[in-house]
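Pasting a predicted model and its sequence here:
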Amino acid sequence: MFRRRTGWDLADATERHAAAPDRFRVPGDEVLAALRVGDRVKVIVVPRQGLEERVWLTVVRVGELELEGRLESEPVEVRGLHAGDPVVLERRHVVTVTRPLG
């Protein structure tokens, strides 16, 4: 099926938390500061057209200001973004963090 490419941005999770702290939770500063390669993070992709979507990334690079993740699965709503694609993000975009066992 042909799907037209759609531009997208990442939602600022810290802004959403500030607007509704009881309903929208985010990891604490300590958790975000300790992010490392191999961690999984959930972010919200907001397409310029269509519905936003929460997706999982595996962190592949950690910088002082930016992180790079690899998209783990094929998005349903966001066109032009595919499993395995690199996504550059900031800690303010992270909704959830999980660590690999071991």
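Received the coordinates, thanks. Numbers count the residues shown, from 1 in each chain.

CA atoms for contacts and neighbours, from now on please.
Fine.

Val43 is in contact with Asp9, correct?
No: Asp9 is beyond contact range of Val43, at 10.3 Å (criterion: Cα atoms under 8 Å).

out of those two, which sits in the more crowded spot?
Between Asp9 and Val43, Val43 has the larger neighbour count (other Cα atoms under 10 Å), namely 23 against 12.

measure the more buried one to Leu51 for me?
Val43 sits 14 Å away from Leu51, going by Cα to Cα, to the nearest Å.

For Gly28, grab the count of nearby residues.
9.

That one and Trp56, how far apart?
Per Cα to Cα, Gly28 is found 18 Å from Trp56.

mind checking how far stretch 77-88 is from the chain centre?
11 Å (Cα atoms, centre = their mean, to the nearest Å).

do the same with stretch 47-66
Distance, centroid of stretch 47-66 to centroid of chain: 3 Å (Cα atoms, centre = their mean).

Show me the contact partners of that stretch.
Residues external to stretch 47-66 that are found in contact with it (Cα atoms under 8 Å, 6 or more residues apart in numbering): 6-9, 35-46, 67-73, 75-78, 87-91.

Need the distance between the two termini of it.
21 Å.

could you give the mean pLDDT of it?
Averaging pLDDT along stretch 47-66 gives 94.

Check whether the closest residue to Leu10 other than its chain neighbours sits in a helix, strand or coil.
Counting by Cα to Cα, 6 or more residues apart in numbering, Val45 is the residue found nearest to Leu10 once chain neighbours are left out, at 4.7 Å. Val45 carries the three-state label strand when classified by DSSP: H, G, I helix; E, B strand; the rest coil.
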